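Visitor: pasted the sequence and its predicted model underneath.
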Amino acid sequence: MVGNLAEKIHVFGDEKILTVTELSQAIKGTIEDNFHSLKLQGEVSGLKKHSSGHTYLSLKDADSVINAICWRGTRLNIALEDGMEIVVKGKVTSYPARSQYQFIIEEANMAGEGALLKLLNERRKIFHSKGYFANNRPLPKFPQLIGIVTSKTGAVLQDMRHRLEGRYPFCRVLVWSVNVQGTAAKDQIAAAVRGFNFMTEKPDLLIVARGGGSIEDLWAFNEEEVVKAVFESKIPVISAVGHETDTTLIDYASDLRAPTPTAAIELATPVLSEVKLQVSDNANRMSHSMLRIIKELNVRVSATARYLSSSQSFIIGVTQKFDDRTERLSVAIRNFFRKTELALKACRIISPANYILIKQQRFEATSKSFNKILKNYLVRYLDKFETMQNRLEQSSFNKILSKGFCFVTDLEGKTVETKEIFEQSRNNELAIHFQDGVSKI
């Protein structure tokens, strides 16, 4: 490699005196020719994202440090952090303006599963100290609207829908589609959780879900943005990420962890047939209880009637009234449970097309109201602007001169404000400023 550098410099001639730029360009070419594609392992240090979008950092090991750059637009598989052990692929180049060599990062990955597990344990301790793992809210027993944060392209969503239709079909579902892997995933997942919390019609429950994968694939669910969003959610959250053996940090921040996405549906909803059976059983038990109470009351009334022979007519009237009321009560109970059963049978899932139409109509109404408010605001702002403009013109410099006034300055533009200054400046040229120009004296 040194020989290549010597060859590049030799073309200038033995006697030629090189400029600094010529030498720097020769060194730059030699470095880029010999280190144009390689992999490098090291620890991230001094990470800084510039306003231009470029990311500057250093990669170090026990004995050495090299500057590194990730250009804006380079899409990495992981989000870089200080202290992270990574393997990067790219090329070495130099920065002639400072006589420095640096590494251009084109790809980046964690340096093995051991490094990821170490970072995961460190984050778990940090997030625990921040109180992110304190949620333990009860889930609604009969949710009417469930929000799901997942990818719409995977099989996970279809499996969850199918499971829900088989268990609790009249429960509505809102899906917020996000990337569940890659550098953009963490921001999208966090935004989805917060977005559900800002809805006018909030879901009764949120499920954050994705299928299984390696620890790298699931890493977005270990990012602080996602963990914090789940912790701060006002809506109870079920974490359903990966398979039963997979663990992510949002499992600790959520209110309940499900071993799989379909298991999350089972934890979130009852079985409709079991609900109907329970209602029917409760109705039967209530009916039997009421009949038992009525029989006991009849026995008491009959016993009392026997001891009140002198008030036989009164007792007969009371007994008839009581029989009438109990019969009406029995009919009312049967009608109530019949109506309840019919209402359960009539429950249906709202069509997504109808739901979207309703939301679109609300949006159009809100948009018209906003445009009206904005128009009124602009009218008031323009009136105020014209008023201020008129005031400014009335007090402007030229307005005073138009009334016949003038003022005197020296040639440097300094105003002659007193007679004393005028007398001192008489030996020098002065300027008188009128409305239509300047005269020198």
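Guide: Yep, that arrived.
Visitor: contacts, neighbours, all on C-alpha from now
Guide: OK.
Visitor: quick check: pLDDT value at Leu344.
Guide: Predicted confidence (pLDDT) for Leu344: 69.
Visitor: again, but for Lys202
Guide: 91.
Visitor: what's the local residue count around it?
Guide: Residues lying near Lys202 (other CA atoms under 10 Å) number 17.
Visitor: grab the nearest non-local neighbour of it.
Guide: Nearest non-adjacent residue to Lys202, counting by CA to CA, 6 or more residues apart in numbering: Phe196, 6.3 Å away.
Visitor: now do the contacts for the one you found.
Guide: The contact partners of Phe196, by CA atoms under 8 Å, 6 or more residues apart in numbering, come to 147, 202-203.
Visitor: what does Phe133 give?
Guide: Applying CA under 8 Å, 6+ apart to Phe133 gives the contacts 127, 231, 252-254.
Visitor: quick one: low-confidence parts of the chain?
Guide: 1-15, 112-114, 272-276, 278-279, 305-318, 344-352, 355, 397, 426-427, 435 (pLDDT under 70).
Visitor: ok, the one residue sitting closest to the centre of the chain - contacts?
Guide: Note on the chain: the residue nearest the mean C-alpha position is Ala191, at 1.6 Å, using CA atoms, centre = their mean. Contacts for Ala191 (CA under 8 Å, 6+ apart) come out as Ala229.
Visitor: you'd agree it is in a helix?
Guide: Yes: according to DSSP: H, G, I helix; E, B strand; the rest coil, Ala191 belongs to a helix.
Visitor: and the helices in the stretch 251-400 of the chain?
Guide: Along the stretch 251-400 of the chain, counting by DSSP state H, counting those that start in this stretch, helices occupy 261-268, 272-307, 312-346, 352-394, 397-401.
Visitor: out of those helices, which gets nearest to Ser99?
Guide: Each of the helices of the stretch 251-400 of the chain has some distance to Ser99 by CA to CA; the shortest is helix 261-268, at 54.6 Å.
Visitor: list of residues touching that closest one?
Guide: The contact list for helix 261-268 (CA under 8 Å, 6+ apart) reads 139-141, 143, 156, 159-160, 163-164, 167, 205, 207, 209-211, 238-242, 257-258.
Visitor: redo that, cut-off 6 Å
Guide: The contact list for helix 261-268 (CA atoms under 6 Å, 6 or more residues apart in numbering) reads 160, 209, 240, 258.
Visitor: next, the buried residues of that helix.
Guide: Using 16 or more other CA atoms under 10 Å as the test for burial, helix 261-268 gives 261-262, 264-266, 268.
Visitor: tell me the bridge partners for Lys89.
Guide: Lys39, Glu107 (DSSP bridges).
Visitor: residues in contact with it?
Guide: Neighbour list for Lys89: 38-39, 106-107 [criterion: CA under 6 Å, 6+ apart].
Visitor: again, but for Tyr95
Guide: Residues near Tyr95 by CA under 6 Å, 6+ apart: Tyr101.
Visitor: the residue nearest to Trp71 when sequence neighbours are not counted: neighbour count?
Guide: Once flanking residues are discounted, Trp71 sits nearest to His54: 4.7 Å by CA to CA, 6+ apart. Residues lying near His54 (other CA under 10 Å) number 14.
Visitor: gap between His54 and Ile441?
Guide: His54 is 61 Å from Ile441, where distance means CA to CA, to the nearest Å.
Visitor: one more: Asp281?
Guide: Distance of Asp281 to Ile441, computed by CA to CA: 112 Å.
Visitor: ok, now Ala258?
Guide: Taken as CA to CA, the span from Ala258 to Ile441 is 93 Å.
Visitor: those two: which is more packed in?
Guide: Between Ala258 and Ile441, Ala258 has the larger neighbour count (other CA under 10 Å), namely 23 against 11.
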